[in-house]
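> What shape does this take:
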Amino acid sequence: MVMIILLVLGVLSACGPKDKENTEGTVDSKKPEKLIVWEDTKKGVGLKPAVQSCEEKYGIKIEFKEIEMATKMRDQLCLDSPAGTGPDVVTLTHDQIGQIVTEGLITELKVDESVLDTFTESSVLTQKYDGKLYGLPKTTETPIFIPALTGSKTPTSKF
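Here you go, the predicted structure:
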């Protein structure tokens, strides 16, 4: 999660116009006053340390909001994004990306190939629509078959 927030901050800072060089010879760029992050309900506890770390490191206030992902987040995104009050970072399931892209609610994400190389190819593909990248994987899952004990019998496998 820290990596995703850092990547978004990097993307946001790279998108802004460059100001003239300051007295130390470094280039200043405009950064947002705050970053709005939406996460699924009861998942934010894992993000709190990352949010605090990013606020301290980059000096940007992060407004964190938990919204139920499966149904309410998409509906809220449809209302808040056109009004200009939507999130800068949002956690969505990969199967919602296509619809949200066609509705104009999220924009393409451009990252260095070195960033993409830190993820599996299949997890990055889930974040693409029409050949363009719209997110980075936060987690991946691999459903597996585990035989359950029934009564006093011990399961055996003949696979």
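> now the strands: where do they sit in this structure?
For the chain, the strands defined by DSSP state E cover 18-21, 27-29, 34-39, 61-66, 89-90, 128-129, 132-133.
> most tightly surrounded among those strands?
Greatest average neighbour count among the strands of the chain goes to strand 89-90 (a mean of 22), per mean count of other C-beta atoms under 10 Å. In this view, the C-beta of every residue, glycine as well, is placed from N, C-alpha and C.
> Check which helices and strands it sits against.
Secondary-structure packing of strand 89-90 (3 or more C-beta pairs under 8 Å, 6 or more residues apart in numbering; DSSP states H and E): helix 2-15, strand 34-39.
> I'd like to know the average pLDDT value across it.
Regarding strand 89-90, the rounded mean pLDDT is 89.
> And stretch 122-132, by the same measure?
Per-residue pLDDT over stretch 122-132 has a mean of 94.
> Flag every buried residue along it.
Neighbour-count burial for stretch 122-132 flags 123-124, 126-129 (criterion: 16 or more other C-beta atoms under 10 Å).
> JSON lines for those residues, including distance to T140?
Shown next, in JSON lines, are the buried residues of stretch 122-132 (distance: C-beta to C-beta, whole Å):
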{"residue": "S123", "distance to T140": "5"}
{"residue": "V124", "distance to T140": "10"}
{"residue": "T126", "distance to T140": "8"}
{"residue": "Q127", "distance to T140": "11"}
{"residue": "K128", "distance to T140": "15"}
{"residue": "Y129", "distance to T140": "18"}
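> can you list contacts of stretch 97-104?
Defining contact as C-beta atoms under 8 Å, 6 or more residues apart in numbering, one finds that stretch 97-104 is touched by 74, 77-78, 92, 106, 127-130, 132, 134-135.
> ok, how many other residues are close to G59?
Applying other C-beta atoms under 10 Å, we find 9 residues neighbouring G59.
> can you redo the strands of the chain as CSV with distance to T142?
Formatted as CSV, the strands of the chain follow (distance: least, C-beta to C-beta, whole Å):
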stretch, distance to T142
strand 18-21, 43
strand 27-29, 40
strand 34-39, 22
strand 61-66, 26
strand 89-90, 24
strand 128-129, 20
strand 132-133, 22
